[in-house]
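# What follows is a protein structure lacking sequence information:
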């Protein structure tokens, strides 16, 4: 395998210069480009109304990301809905929960983050409020397994599509000549296919985050060379670093 010299990270460039990719460039003498293969588009009020969902009919909202929070409050504003102060918020993590401070006066009794970044960890908390009615903000491309998991635990959750995930067009004059591609979502894989339908992987290394992304790559006929997280490498940057230490010698 030839040495890795040029890497595409399919995410926006980090705002801070202190990030894991800076170390990769310095330690392994590689060039790294950042380009987001997918983007989020908010849903307008008229389109959302077609789902016949009234956010005020629910006493709690479940958020999987800060994007979901933004879209929920923006859409409520467009719908001229005043979110009540009694609303409860269940979040995938502390980071997502803390982001609510952009929109509400944060109180711990209103915000419930998942202790281990897993929705199943919220089940005991949700069971302590049997009168609660739950709305979950999702994109048009979402996995119903989380909704099913709640239902299997006698918790009814209504999914509400409030934003869309769309492919980003690769710039026409930008070469696609990378030795390694780093993909983070199944939608990113599909964007790769849409932008380059005839592209052949050959000896290009593909690194990915998560089992679902890896499965999508395999289903689309690609080879997965690096996958994180794993027992050895908790992050994608750590997995890439180990790969470069072994192959760029």
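Happy to help now that I have it. Please read these numbers as outputs of a predicted model, since none were measured by experiment.
# for the worst-scoring helix or strand of the chain on mean pLDDT, packing partners?
Lowest mean confidence among the helices and strands of the chain (mean pLDDT, DSSP states H and E): strand 38-42, at a mean of 90. Packing contacts for strand 38-42, counted by 3 or more C-beta pairs under 8 Å, 6 or more residues apart in numbering; DSSP states H and E, involve helix 66-78, strand 157-167, helix 186-195. C-beta coordinates here come from the backbone N, C-alpha and C atoms, glycine included.
# in that strand, what counts as buried?
Within strand 38-42, the residues that count as buried by 16 or more other C-beta atoms under 10 Å are residue 38.
# Taking strand 157-167 as reference, get the angle to it.
Relative orientation of strand 38-42 versus strand 157-167 (axes from the mean of the first three to the mean of the last three C-alpha atoms, to 10 degrees): 130 degrees.
# Just give me how far the helix or strand that strand 38-42 is followed by sits from the chain centre.
On the C-terminal side of strand 38-42, the closest following helix or strand by DSSP states H and E is helix 45-49. Relative to its chain's centre, helix 45-49 lies at 23 Å (C-alpha atoms, centre = their mean, to the nearest Å).
# elements contacting helix 45-49?
For helix 45-49, the elements it packs on are helix 66-78, strand 157-167, judged by 3+ C-beta pairs under 8 Å, 6+ apart.
# Could you tell me which strands sit next to the very next helix or strand once past that helix in the sheet, and their orientation?
From helix 45-49 onward toward the C-terminus, using DSSP H and E, the following helix or strand is strand 60-63. Partners of strand 60-63 in the sheet, by DSSP bridges, are strand 88-91 (parallel), strand 134-139 (parallel).
# ok so, going back, which strands border the least confident helix or strand of the chain, and is each parallel or antiparallel?
Paired strands of strand 38-42, with direction, are strand 157-167 (antiparallel) (DSSP bridges).
# Can you list the buried residues in the helix or strand hosting residue 125?
Using DSSP H and E, residue 125 maps to helix 123-127. Buried residues in helix 123-127, counted by 16+ other C-beta under 10 Å: 123, 126.
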